[in-house]
Every structure is written in C-alpha cells, then in structure tokens.
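Participant: Here is the input, now give the coordinates:
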Amino acid sequence: MQMPSSKKAGAAVLIAALLAVASPMAATAATGHTSANRRYTEAALRQDLAAVRQAGGGDVNVLARVDGPHGGPLMARIGTRTAGSSDPIPWNAHFRVASTTKTFTAVVVLQLAAEKRLSLDDTVEHWLPGVVAGNGNDGRRITVRDLLRQTGGLYDYVDDPKIQDRLINHFDESRYDTTPAADLVAVAMKHRPVFVPRPGGATRWAYSNTNYLLAGMIAEKAGGASWQELVEHRVIARLGLRDTSVPGLDPHLPDPHVNAYLTGPDGKRLDVTEHSLQHTADSGVVSTTADLNTFFRALAGGRLLPAGQWREMRQTVRRTDDPEDVAEMPEGTYGLGLRKIPLSCGGFYYTHEGDGAGVNTRPAVSADGRRAVTVSITTTTAPPDLAALNRATGALVDHALCTEPPKRSPSN
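Facilitator: Next comes the predicted model:
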C-alpha cells in the first residue's frame, strides 16, 4: 500500500502501516562506520538501533540481529513487550513480516519453474483464465515473471477506497477479515491498471500487492497445494525454521511476541496485535530475526534455488512508475521478489522490506550470503515516517554488512 504523503495525516495514521506495503529501505550510511577494516560491535549496533528508534518517533520498539561466519550473533534491543510494562522485548520475538513474505512466495514459484511445473514466461491468462480482465486489464499480456518483479502494471487492491475506509475507520470490525485472494484480485480488476506490458516496449515498474496474490494462486495450481503449504514444505521445513509459520486466518501471534499499537481515528491508542488481515501470499508469514537471517543467507548462498533460478531472481529492473517508492528509496533496483541495494563499501545486498499493522521489518543479506541482518520495529502509537525510518535502518544495514563483527561466543 503506497499513499501520497498528503493522505498520511489525520485518520490515515492507521492505514499507513496496514497490510503488505511497499515502503523501501534506503541504504544511505553515515560516515565513520563503513570501513571493511573496522569491527562492528554490540556497542555500535546499539548506537545504530538508537538512531532507528529516534527516526521512528522515539517510542517504537526495535530489535536487531546480525549473523555471520564468525561465531555467535550480535543482538540489540530497545523497548518493552507491551505498552506500560517493563518487560523487555524478547530476543526471539515473533512478528508478522508483511511484504517480506513476497520473497518466500517468489522462491516457491521459482522452485516450481525449476521443476518445469510452470514457466516464468507463462501468462496469467494461461493459469487463471478470465481472472485478469476488464477495465483495460489483460492477463494475456502479463507473465509470471511480471508478477514477481512488479512489472505487471496492475492496480494495488490495498489502494481501493472501500478497503482503505474499512481499515482506517472500521479496523475492529475488519481485523478478522477472511477475504480470499481471488476476491481481492477482483477488487483490483474494478480499477484500470497503471499500465499494460507491451511486447518489445520499455519495461515499466509499479509496486502492487495484487501481483503476489496472483503469483500465489498460480503456485497453488502448479504446485497442487495451498501457497501456505508450499511455503511450509519447500522453505520452512527445508531450512528447519522452527520459529517461522504461515498462520493463515489464525489472528494470534505465537509467544513470545511484542504487542503492536497504532493511533485510531478517535486519537486513542489501538492494540492491533491480533488480526488476520495479512493472510495472503503477499503478506502472510510470521517469523523472527534469527529465522529471517537464516532464510536470506540460505537464499543468497544457493541452498533454496538452482543456479539458473537464483540468477533469474537477481535480474533486476529500474523502478519507473512509482514516484513514492522511489522517493522513499532513492537507490536500488527490483528483481523477482528481491531488492538490490548498493553498499557504501562497494558491492550490494539483497532485501525485501515488510510493513504491516504496527510492524516494520527490515532484513538484508550480503551478496555472498555470508552475513545477514534483520531489524524489527514495532509501533506504540502512530506509524513512523517511512523515509526517515528507511534512512536509519539502511544505515544500520550498511554498517553491519560493511564492517566485520568480532569473533565471539553465542549470546544468551
């Protein structure tokens, strides 16, 4: 969900962080931390985490973990488990990863492509006849590859005025939403697309959660199981991610977790921890900082995809038709469920941010898969300014990946 800045005031403070949105992570790094010859210490991580909290408005809860080849992790945390309590954030807190789910979904689709169960060049119409049609939408011109790399041009269903009204003004009535993916796609089809891909024309890009609903639906047809089961079997079980799950319509988070809060339209604090709004293939995974680091290191290290499909995933395109996305993340390109971001010390890293109801997830992995960092932010009032938050988290990521951590024993 991407909204013009003018719509983020007043009652819209609730909507700005709901569902799987496309807020980017800037990689702007402060000077003095980026030398590859320096060590990235717990003190430096705590300093960077304090900057993230300040960028988040000063009252967000933040948790970060850095994993690499030299022994135990670096970890830092600021904040409490619930509003008004003194209990610190659990080190292994579960949270909804929101749009980071898209990387999980893309991996499943690419695995199916490797097995010849589908082709990235298949059209949406081939797999889902008549689903993408009407109001200028044409599933014959959109491929599976277009869905994964956000070049399909489809309207983002989250931007639909009726959906926004439900989330802004009627969250409590909507928090246990069970709308199937196909029905949400139908909402998007009531709107004209941003563009329609044209063979031989310039590649255009616009972020849309609708693309990943369709990708999940195609994966289900090709894979013979629900997208949740495909992710659980092909990614979670394969990597032994014990703290990662796809809860579907279950609105509860596993323990331990941090409660999330937003400011409702009446100006009062609203607990948004419990909900089932994020239950589809664009947003439905729950995980931890440790498991996300394991997932992204496995992906970049070649443990989830054959070489050909990993190469396809890393083929990025320039972002062209989404000014807000570019404004919030000036640098970087987009591949198949991955962003590619430059590092200040040279090279780049891979990521896919996730922003949902009261949560912001910022994972990152070095290009060689050796080092990964995940930052989890949980709001206690209004959602943070995403451009400022992305600058701070981007700086932390840059510092963590551009400096070597000290060799140490695992943390308790």
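Participant: now the strands for the stretch 101-250 of the chain?
Facilitator: For the stretch 101-250 of the chain, applying DSSP state E, counting those that start in this stretch gives strands covering 133-134, 137-138.
Participant: Indicate each strand paired with the last one and its parallel or antiparallel sense.
Facilitator: In this case it means strand 137-138. If you go by DSSP bridges, strand 137-138 pairs up with strand 133-134 (antiparallel).
Participant: buried set for stretch 235-247?
Facilitator: Buried residues in stretch 235-247, counting neighbours by 16 or more other C-beta atoms under 10 Å, are found at 235, 236, 239, 241, 243, 244, 245, 246, 247. Every residue, glycine included, has its C-beta placed from N, CA and C.
Participant: Pull the most distant pair out of the residues you listed.
Facilitator: Spatially, the most separated pair among the buried residues of stretch 235-247 is 239 and 247, at 18.2 Å (C-beta to C-beta).
Participant: wait, residue 150 sits on residue 203?
Facilitator: No. Between residue 150 and residue 203 there is no contact under C-beta atoms under 8 Å: 10.5 Å.
Participant: could you pull out the helices for the stretch 301-412 of the chain?
Facilitator: Ranges of helices in the stretch 301-412 of the chain, per DSSP state H, counting those that start in this stretch, are 307-313, 323-328, 386-402.
Participant: how about these, which one is nearest residue 89?
Facilitator: Residue 89 lies closest to helix 386-402 among the helices of the stretch 301-412 of the chain, at 16.1 Å (C-beta to C-beta).
Participant: In terms of secondary structure, what does that closest one contact?
Facilitator: If you count contacts as 3 or more C-beta pairs under 8 Å, 6 or more residues apart in numbering; DSSP states H and E, helix 386-402 packs onto helix 42-55, helix 323-328, strand 348-351, strand 359-366, strand 372-378.
Participant: What distance do you get for residue 105 to residue 242?
Facilitator: 21 Å (C-beta to C-beta, to the nearest Å).
Participant: right, so the strands of the stretch 101-250 of the chain: which one is the most enclosed?
Facilitator: Mean neighbours per residue, mean count of other C-beta atoms under 10 Å, is largest over the strands of the stretch 101-250 of the chain for strand 137-138, with a mean of 20.
Participant: So what touches that one?
Facilitator: With contact meaning C-beta atoms under 8 Å, 6 or more residues apart in numbering, strand 137-138 is reached by 125, 132, 154, 188, 189, 192, 193, 196.
Participant: ok, now which ones touch the second one?
Facilitator: What it means is residue 132. 124, 125, 138, 139, 142, 154, 185, 189, 214.
Participant: any idea how far it is from residue 213?
Facilitator: Distance, residue 132 to residue 213, using C-beta to C-beta: 11 Å.
Participant: So for those two, which residues contact both of them?
Facilitator: Common contacts of residue 132 and residue 213 (C-beta under 8 Å, 6+ apart): residue 185.
Participant: what's near enough to touch the nearest residue to residue 195 once chain neighbours are set aside?
Facilitator: Counting by C-beta to C-beta, 6 or more residues apart in numbering, residue 195 lies nearest to residue 153, which is 3.8 Å off, once chain neighbours are set aside. Residues in contact with residue 153 (C-beta under 8 Å, 6+ apart) are 142, 146, 193, 194, 195, 196, 197, 204, 206, 208, 321.
Participant: Quick check: closest non-adjacent residue to the first one.
Facilitator: Counting by C-beta to C-beta, 6+ apart, residue 152 is the residue found nearest to residue 142 once chain neighbours are left out, at 4.3 Å.
Participant: Need phi/psi at that neighbour.
Facilitator: The phi/psi pair for residue 152 (degrees, to the nearest 10) reads phi -90, psi -20.
Participant: That one against residue 146, yeah?
Facilitator: Yes. Counting by C-beta under 8 Å, residue 146 is a contact partner of residue 152 at 4.1 Å.
Participant: list residues touching both of those two?
Facilitator: Joint contacts of residue 152 and residue 146 (C-beta under 8 Å, 6+ apart) are 197, 211.
Participant: Please say which of those two ends up with more neighbours.
Facilitator: Taking neighbours as other C-beta atoms under 10 Å, residue 152 and residue 146 compare with residue 152 leading, 30 against 24.
Participant: which ones are touching the more buried one?
Facilitator: Residues in contact with residue 152, defined by C-beta under 8 Å, 6+ apart, are 124, 142, 146, 193, 197, 208, 210, 211, 214.
Participant: Return the distance of it relative to residue 161.
Facilitator: Using C-beta to C-beta, residue 152 is found at 22 Å from residue 161.
Participant: Next, the contact list for residue 117, please.
Facilitator: Residue 117 makes contact with 222, 223, according to C-beta under 8 Å, 6+ apart.
Participant: at 10 Å instead, please
Facilitator: Shown in contact with residue 117 (C-beta atoms under 10 Å, 6 or more residues apart in numbering): 109, 111, 219, 221, 222, 223, 224.
Participant: for residue 282, same thing?
Facilitator: 19-22, 98-99, 101-102, 105, 156-158, 181, 184, 208-216, 354.
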